[in-house]
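J.: quick one: sequence and predicted model below, then my questions.
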Amino acid sequence: QSDIQGKQLFEKVISGKYLAEYFNRKAEDLQIPHKPCRTSQDLSRLSQETKDEKANKLARAILERSARLVACAFAAMYHFLGEKPLTFIGEGSLLWKGWHYTTNLQEQLHTLSLPNDAITINHIKNSSIKGAFGLLTNARYNK
């Protein structure tokens with residue numbers, strides 16, 4: 001149901017923007033009654049609740065898969081770029097507030113045998129507003 005149906009599929013299985021809708025559709029397919037999720041925050045809350053075990057497990061599985069796929073993308077970039085430590089800017093509440101999201105991401109990086117210092121994720125307030133040039137300029141002058 002996105003504006004770009006059939007495209008950018010990887011984003012749609014990792015991005016908080018799409019995960020709630022994915023949960024709703026999957027729960028419907030599996031005939032799991034639930035209150036529809038509208039946001040990744042709803043999905044994270046559902047992951048923490050225990051009153052609806054099937055919906056809870058599905059929500060957790062979707063969030064875990066997203067985090068692990070992000071880790072795989074990070075690992076691929078790390079290897080492709082010559083195994084030098086990389087720093088990413090992490091945007092969005094899913095990464096920082098999603099149910100065990102960063103823990104699952106870090107565990108997957110470990111499973112993929114990346115060194116502990118291979119990937120760093122920084123949270124920079126308003127990074128999407130500052131833009132790439134502003135972030136590069138800010139990083140250069142804040143060293």
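T.: In hand now; what should we look at? Numbering: from 1, shown residues only.

J.: is Phe88 in contact with Phe74, as I believe?
T.: Yes: in this structure, Phe88 is within contact of Phe74 by Cβ atoms under 8 Å, at 6.9 Å. (C-beta placed from N, C-alpha, C; glycine too.)

J.: mutual contacts of these two, please.
T.: Ile119 (Cβ atoms under 8 Å, 6 or more residues apart in numbering).

J.: secondary structure element holding Leu58?
T.: For Leu58, the element it lies in under DSSP states H and E is helix 53-80.

J.: in its sheet, what does the helix or strand that that helix is followed by sit against?
T.: Tracing the chain C-terminally past helix 53-80 and defining elements by DSSP H and E, one meets strand 86-89 next. Strand 86-89 has its sheet partners listed here by DSSP bridges as strand 119-122 (parallel).

J.: what helices or strands is the helix holding Leu58 leaning on?
T.: With contacts defined as 3 or more Cβ pairs under 8 Å, 6 or more residues apart in numbering; DSSP states H and E, the packing partners of helix 53-80 are helix 9-14, helix 16-29, helix 40-48, strand 86-89, helix 101-111, strand 119-122.
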